[in-house]
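Colleague: whatever this is, show me its structure:
(chains A and B)
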Amino acid sequence: MRKKINCILLIDDDKATNFLHNEIIMETNLVERVVEVLSGYEALEYLEKMEDGKYPQPDIIFLDINMPAMSGWEFLEEYDKLDEGKKAKIVVVMLTTSVNPDDKDKAKSKGLINGFFNKPLTFEMIERVIDENF
Amino acid sequence: MKKSVTNNSLNPKLSESIIKNIEGLAIITSLFLSFTVLLGWYFEEKQILSIIPGSATMKFNTALVFLLTGILLVIQKTKKTAILFIYYSLALIIVIIGVFTLLEYTGWSVFSIDNLFVSDKFSSKYPGRMSPATAVCSVFLGLGFIAEISANNFFKKAAGFLNALIVFISILAITAYILFIPMGHKGILFQSMAIHTSLLFFLISILKILKNTKHELLPLIWGNFAGSKLIRKVLPLMILFPIIFNYLLVIAIEKELFSFDFGLIAYATIFIPLSIFYITYIALGLNKTDIEKQLVENDFRKSNRYLKQFKNGIDKAFILAITDKYGVITEVNETFCKISKYGENELIGKTHSILNSGHHDKQFFSKMWKTIRSGEIWIDEIKNKAKDGSYYWVLTAIVPFKNEDNQITEFMALRQDITDRKNAEEDRLQYLKKLEYKNKELEQFAFVASHDLQEPLRTVINFTDLLARKQKHHFDDIGIKSLDFIQEATVRMSQLIKSLLDYNRIDKNSKLSRIACNELIEEIKIDLDKKIADADATVIVNTLPTIIGYETPLRLLFQNLISNGIKFRSKEVKPYIEITARPMADGFLFMVKDNGIGISANHQEKIFEIFKRLHSKDEYDGSGIGLAHCRKIVDLHGGKIWVDSTPGSGSTFSFTIKTVYNEKKDQLHPID
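Modeller: Next up is the predicted model:
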C-alpha cells in the first residue's frame, strides 16, 4: 500500500494540459490535493504566500519549460533563491520537445530538479515518482 | 658587345660613302692626269709635265704607271674575277717598270726603259727616267695590288704595310716640295719626283689603306671616342704648324731676314708653348667630357642598383617568368618552379601552354595576345595546371618589354597565387546555392505541412462541433470541459496554421510600387476603426514619405505595429500611438511609439522570433507570429527592425526601409 502524499503543484501555461494532468493525478488516488497555476510568476506567488500560518510547500512540482514571459528555466533560477522552507520536496520537469542538453545537465547538477518526463503525465509516472521519493 | 660599340662610333654607311668618294676621286685623277701627261710627252708640252716651272717633271713611265693604276682601280671596283689575268698582268707591269728603273740607277744597263716610248728632251740629269722614290713607290704599288686581293692573311697585311710605306714616302715628298728644299741637296730619294706624282701616290695609297681597314682607320679618325677626338684635334697642328712655320722660315733665311740659328731657336720657342697651350686646351675639353661621362655612369650605376633591388624584390614576392616575343620561356624564378612543380630546365624553351588547365577558352588567350602585342599591360586571373595535375589560380600581369625602336622584344609575366581566395569564392558560391536550395525546400515543406494539416484538423473541428451541438446533454462535467478544450485547441491550431501559411506567403506575388505611407496608414486606421474606438485609442500620424516597396506586406507591417500598440496596453491608460519617419542615407527610418506595457530588456530580441509569446493567451491573445512577420517584411525591404522599451512606460518600434528612386528591383532584397 502506497503512502498518500499531500499536494502537487502544476505549472503550465496551457489550461487544457493542467486540467488533464489534474484528472490523471486525482485518478491515482495517491494525492490529496492538486494546485494549478498558469505561469512561473503565479507559482512563485503561490509558494511565498502563507496559508493558515505556514507556506504551502507542495510535495511535487510538475514544471513546464516552454512558457511565455518566464520559461521553466527562468522559473528555476528564481525558485533556487527561495528559502528551503518554501521549496517543494521534488521538482520534475515536463517536456514536450527535446531541449538543449546543456540546460538539462546544468539544472540536474545544481540539484534543482529530480527528473524529466515527457508529456502527458501517466499513472506510471506518478507512481514512480512517489515510489522513488516517498 | 665590342662590335656594337664600333658601329656606334661611326655609321658604317658614312664610312662606305667616304671611301666611295675617295675611290672615285683617285680613279678620275689618275686616269685624267696620266692621260694628260702622256699627251704632254707626245706633243712635248713642258708646262703640263712639271706644273711649276723649273721643278721636276712627271716622266712618261710614271704616267704609264698611273694609267695602269687607274685601270686596276676600276677593275677592283667592278669586282670582275673573269679578268683576273689582266689584273695580275697590269700589276706586274707596274712592278717591272719600277724594278727596271731601280736597276738602271745601280748602273745595270743591259735594257733601258727610260726612253722606250718617248725621248725626254727636258731633263738635264737621267732624261726620261723616273726618280728613285717614284720607282720604289711603283714597285710597292704593284706588289700591293697583287698582295691585297690574296686570300692569305699574311699577304694582306704585307699589302697594308707596303701601302703605308707609299704614304710615308709621298708625305715626305710633298713636305719636301712645299718646304722648297733645293733639288739635289737633300738626298737622292726625292730627286725629280714631281708634285703631282707624290700627291697621286698619296691619294691612291690612302684609298687602299682605308679600303682595307674599313673598320679600324676610318672610325679612328671620324669616331666619337676620346682617342679619335685627340687625333682630329692634334694632327692638324702637328702637320700644319711645322710645314707653315718652316716654309716661312726657309723663305726668311733665303732672303736673309735672319740667320739660320735664330730661325731654329724661334721655331722651338714658339712651338713648345703653343703646343703646351693647345694640348692643355684639348686635354681640358677631353677631361670635361670624361667628367660628364663619369657622372652619367654614376647615375647609370645608381639606377642600375635601384633596378637590381627592385628586381630582387619582385623576384621574391612574385611568380616571375620572362619569355621571348613568341611566348617561349627564357627565364623563371624559384617561386614559379615551386608552384608549377616543374623544374627550371623543364620550363625554359617551352611556352606557357604547358600549364594550360583548359579552364579558359581560346578567345581568352587570343584577347590576351592582342593586348600585349599592342604593347599594353594585360592583367587577369588565370587557372593553371601544375605538373602533378593539381590546379592553381594566379593573378597575372604580363608586361611587354620594348627596345629603343619601340619593338617588343620580351614579355615579363608577374603572377600571384590566389588559389585560396578562388577556392573560397567557389566554396561560397556552392554554399549559397545549397542554402538557396535548402531555403526553398523549407518553404515548400512549411507550405505543404500547413496546408495538408488543415484538412484532418477541419475534420476534428467539424466533428467536435457536431458532438457539442447534438450530444452535449449526454456528457458529464469532465466530458463538457474536455469538449470545450478540444474546440478551443482546434480553433487555435487552425489559426496558427493559417498564420504560418501567411508568413510563408509574404514574399510571393508581391510587386514593387510607389507607396504614399500617409495614405496607407489612413486606410489601416479605417480597417482598425472598431479596435481603436473600443480602446479609446489615439493614433497620430506625422508626415511620412512616399517610398518604393511591396504594398500588402507594408500594410501588414504597419497594421501589426499599430494593433500591438493598442493590444498591449495597461488597463488604466488610454492607448496613444505616434508614427514618425525621417530620411537616412539610403532610405527612411520609421518609428511607431506607444504608451503600452513595454518589454523588458532581456526579451527585446526574442519578441521577433516566430511563435514567441511573452504573455499567456488569457492575458493577451494572439498567435505569436505578428512581430516575426514584421521582421520578415522589413528584411524584404532591405531594412532592420528593433525595439527600445522600458517596461511600464511604452515601447518604440523602429525599422528602416531602403528606398530607391530609380525603381531598380534588384536594389531591394526580395527573398523569393
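
Colleague: nearest residue to residue B:614 other than its sequence neighbours?
Modeller: residue A:69 (4.7 Å; CB to CB, 6 or more residues apart in numbering or on different chains). (Each C-beta comes from the backbone N, C-alpha and C, glycine too.)

Colleague: now residue A:95
Modeller: residue A:118 (5.3 Å).

Colleague: just say helix, strand or coil for the residue nearest to residue B:614.
Modeller: The three-state label given to residue A:69 by DSSP: H, G, I helix; E, B strand; the rest coil is coil.

Colleague: just say helix, strand or coil for residue B:247.
Modeller: Under three-state DSSP, residue B:247 comes out as helix.

Colleague: how near is it to residue B:269?
Modeller: 18 Å (CB to CB, to the nearest Å).

Colleague: those two - which one has more neighbours?
Modeller: When residue B:247 and residue B:269 are compared for neighbours, residue B:247 comes out ahead with 14 against 10, by other CB atoms under 10 Å in any protein chain shown.

Colleague: the residue nearest to residue A:95: what's it in contact with?
Modeller: A:94-96 (CB atoms under 8 Å, 6 or more residues apart in numbering or on different chains).

Colleague: can you list those residues in TSV and add pLDDT and distance to residue B:381?
Modeller: Output for these, formatted as TSV (pLDDT from 0 to 100; distance: CB to CB, whole Å):
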residue	pLDDT	distance to residue B:381
A:94	80	60
A:95	74	54
A:96	71	54
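
Colleague: okay, and which of the residues you listed map to strands?
Modeller: When DSSP state E defines the strands, the subset of those inside them is A:94-95.

Colleague: could you pull up phi and psi at the residue nearest the centre of chain B?
Modeller: Against the mean C-alpha coordinate of chain B, by CA atoms, centre = their mean, the closest residue is residue B:400 at 4.5 Å. Torsion angles at residue B:400 (phi, psi; degrees, to the nearest 10) stand at phi -80, psi 130.

Colleague: correct me if wrong: it contacts residue B:372.
Modeller: Yes: between residue B:400 and residue B:372 there is a contact under CB atoms under 8 Å: 5.1 Å.

Colleague: ok, residue B:393 to residue B:421 distance?
Modeller: From residue B:393 to residue B:421 the distance is 8 Å (CB to CB).

Colleague: who has more neighbours, these two?
Modeller: More crowded of residue B:393 and residue B:421, by other CB under 10 Å: residue B:393, with 22 against 13.

Colleague: what's the overlap in contacts for residue B:400 and residue B:372?
Modeller: In contact with both residue B:400 and residue B:372: B:408, B:411, using CB under 8 Å, 6+ apart.

Colleague: show me the strands in the chain, by range?
Modeller: Because you didn't say which chain, this covers chain A. A:5-11, A:31-37, A:60-64, A:90-95, A:115-118.

Colleague: that's the wrong chain, I meant chain B
Modeller: Using DSSP E, strands in chain B cover B:319-324, B:329-332, B:378-385, B:391-402, B:408-417, B:512-516, B:538-541, B:546-550, B:576-584, B:587-593, B:641-645, B:651-658.

Colleague: run a quick neighbour tally on residue A:35.
Modeller: Neighbours of residue A:35 (other CB under 10 Å): 17.

Colleague: you'd agree residue A:88 is up against residue A:59?
Modeller: Yes: using CB under 8 Å, residue A:88 is in contact with residue A:59, at 6.5 Å.

Colleague: and residue B:406, its phi and psi?
Modeller: According to degrees, to the nearest 10, residue B:406 has phi 70, psi 20.

Colleague: residues touching residue 75, list them.
Modeller: As the question left the chain open, I've gone with chain A. So residue A:75 contacts A:11, A:40, A:43-44, A:63, A:67 (CB under 8 Å, 6+ apart).

Colleague: look at chain B instead
Modeller: B:83, B:86-87, B:90.

Colleague: what's the answer for residue B:246, then?
Modeller: With CB under 8 Å, 6+ apart, residue B:246 has these contacts: B:179, B:267.

Colleague: distance of it from residue B:179?
Modeller: From residue B:246 to residue B:179 the distance is 5 Å (CB to CB).

Colleague: got the residues of chain A near chain B?
Modeller: Taking CB under 8 Å from any CB of the partner chain as the measure of proximity, chain A contacts chain B at A:13, A:15-16, A:19, A:23, A:38-39, A:67-69.

Colleague: PyMOL command to pick out the buried ones of those residues?
Modeller: A single PyMOL command selects the buried members of the residues of chain A next to chain B (16 or more other CB atoms under 10 Å in any protein chain shown):
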select buried, chain A and resi 13+15+16+19+38+39+67+68+69
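
Colleague: pLDDT added to the residues of chain A next to chain B, as a markdown table?
Modeller: Formatted as a markdown table, the residues of chain A next to chain B follow (pLDDT from 0 to 100):
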| residue | pLDDT |
| --- | --- |
| A:13 | 88 |
| A:15 | 87 |
| A:16 | 87 |
| A:19 | 90 |
| A:23 | 91 |
| A:38 | 91 |
| A:39 | 91 |
| A:67 | 85 |
| A:68 | 80 |
| A:69 | 78 |
